[in-house]
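J.: Give the three-dimensional model of this entry:
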Amino acid sequence: MTTTALASTAAAPEAPATPPGRRRPPARPRPAVLLTATAASVTALLLLAAVGTLLHEPLLIPPLAASMALVAGAPDLPLSQPRSVVGGQLLSALTGFAVLAVAGPGLWGAAVAGGLALGVMTAARTPHSPAAATAVIVALQGPPFWAFIGLLALASLLLVAVGLGAGRATGRTYPVYWF
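T.: Numbers count the residues shown, from 1 in each chain. Have a look, this model is predicted:
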């Protein structure tokens, strides 16, 4: 056998063993990425808090905070893409309004709205789990339809815009796809 043949048959060093079915946690982000993602989240949420205060809709902040955490912290996930952020939020709100029309405001209807919202988003290929909370808020509160939908659309687009800025500042690709 030649030296080349021996080298090609030699065993490659093995990677550290990971038990079957287990995955490693993601690597730590670079400090610049961490700081930019955090600053983007704080900026977006402060803007949403200001808008929510002006329009008397502060309960919209929790699901949108979770949305922003996905956009800034995990911009590659399908849940973070504009189609899912905007579409998922709006479809969930519509689901909440549909349940509200049938059941009236209340905790039981809110639970149904949250569950149905996940199904609607999945069927529409707009998965965005934080948006299920938007359906719950609608079914509990019964906000004015057009004002709420307009505010939610504006807020969702704002999150996507901040995500675009953060992506450019860090060199990360966001969005991976639009629609």
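J.: residues touching A66, list them.
T.: Contacts for A66 (CB atoms under 8 Å, 6 or more residues apart in numbering) come out as 129-130, 133. C-beta here means a position set from N, CA and C on the backbone, and glycine is covered the same way.
J.: Any chance of those residues in CSV with distance to M68 as columns?
T.: Listed next are the contacts of A66 as CSV, based on distance: CB to CB, whole Å:
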residue, distance to M68
S129, 13
P130, 9
A133, 13
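J.: What is the nearest of those to G104?
T.: Nearest to G104 among the contacts of A66 is A133, at 19.5 Å by CB to CB.
J.: The closest one contacts L60, correct?
T.: No. Assessed by CB atoms under 8 Å, A133 is found out of contact with L60, at 9.5 Å.
J.: returning to that earlier point: which of the contacts of A66 has the most neighbours?
T.: A133 (24 neighbours; other CB atoms under 10 Å).
J.: name the helices or strands packed onto the strand or helix carrying that one?
T.: Taking DSSP states H and E as the definition, one finds A133 inside helix 131-141. Helices and strands touching helix 131-141, as assessed by 3 or more CB pairs under 8 Å, 6 or more residues apart in numbering; DSSP states H and E, comprise helix 61-73, helix 82-103, helix 107-123.
J.: For that helix, buried residues please.
T.: For helix 131-141, burial by neighbour count (16 or more other CB atoms under 10 Å) applies to 131-141.
J.: re the thing from before, let me know which of the helices and strands packed on helix 131-141 is the nearest to V160.
T.: That would be, of the helices and strands packed on helix 131-141 and by CB to CB, helix 82-103, which comes in at 4.7 Å.
J.: so the closest one versus helix 131-141, what angle?
T.: Angle of helix 82-103 versus helix 131-141, following axes from the mean of the first three to the mean of the last three CA atoms, to 10 degrees, is 30 degrees.
J.: any idea how far helix 82-103 is from the chain center?
T.: 15 Å (CA atoms, centre = their mean, to the nearest Å).
J.: Flag every buried residue along it.
T.: Neighbour-count burial for helix 82-103 [16+ other CB under 10 Å]: 82-100.
J.: before we move on, back to that, please name whichever of the helices and strands packed on helix 131-141 is nearest to L45.
T.: Here helix 61-73 is closest among these (CB to CB), at 5.7 Å.
J.: longest helix of this protein?
T.: helix 145-170 (DSSP state H).
J.: Which strands or helices does it pack on?
T.: helix 31-54, helix 61-73, helix 82-103.
J.: What are the buried residues along the longest one?
T.: Put plainly, it is helix 31-54. 33, 36-37, 40-41, 43-45, 48, 51-52.
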